[in-house]
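Chemist: Sequence and predicted structure below; questions after.
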Amino acid sequence: MNRSIRTGAALAGVAGVVALAGCGAVTVGATADDETATTDASSGQATDSGTVAYADGTYTAEGSYQTPETVETVSVTVTIQDDVVTAVEVTGDPQAAESRQYQSQFIGGIADEVVGVALDDLAVDRVAGSSLTSGGFNAAIEQIKQDAAV
């Protein structure tokens, strides 16, 4: 292999790594300089904790994610009590055979990952070997946070 081909292959590999690095999850939270006031649901008093209070209840939202073959969507239903997820259900209608397998694995393992977790702390990367489905799940959770915020 001559030197220019090796150099081109190395540059293509670096470009791929840089492109994938841009796909990572970004966590946005309050900082010491950007603290927000919220209302304590039990007392109705404002707090300065920087966290958001959520109304107890069951919420459903859809989230989409890109696979190599298609764009897939999952429906996420969570029950929240005292800002903590007490139940979760994920359903999908996968378009590709491989997505069917990964969504099934994700659905089978998601409850173990999120039940008992505070809604503000909820973000999944990989569940039961499925990494792409988590993108749709996280998108749905962001919508649920907006819907449930008090």
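Modeler: That came in fine, so what should we check first?

Chemist: per-residue pLDDT, the residue nearest to residue 70 when sequence neighbours are not counted?
Modeler: With C-beta to C-beta, 6 or more residues apart in numbering as the criterion, residue 70 has its nearest non-adjacent residue at 4.6 Å, and that residue is residue 95. In this view, the C-beta of every residue, glycine as well, is placed from N, C-alpha and C. Looking at residue 95, its pLDDT stands at 91.

Chemist: check contacts around residue 95.
Modeler: 69-70, 72 (C-beta atoms under 8 Å, 6 or more residues apart in numbering).

Chemist: Which of those ranks first by neighbour count?
Modeler: Using other C-beta atoms under 10 Å as the neighbour criterion, residue 72 leads those with 23 neighbours.

Chemist: ok, residues contacting the one helix or strand that residue maps to?
Modeler: Using DSSP states H and E, residue 72 falls within strand 71-81. Strand 71-81 is contacted from outside by 54-66, 85-96, 99, 103, 106, 114, 119, 132-133, 136-137, 140-141, 144, 148, using C-beta under 8 Å, 6+ apart.

Chemist: Can you pick out the ones from those residues that are in strands?
Modeler: Among those, the members found in strands (DSSP state E) are 57-66, 85-92.

Chemist: follow-up on the earlier one: buried among the contacts of strand 71-81? Make that a ChimeraX selection.
Modeler: A single ChimeraX command selects the buried members of these (16 or more other C-beta atoms under 10 Å):
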select :54,59,61,63,65,85,88,90,92,94,99,103,106,114,119,132,133,136,137,140,141,144,148
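
Chemist: State the distance from residue 149 to residue 88.
Modeler: 18 Å (C-beta to C-beta, to the nearest Å).
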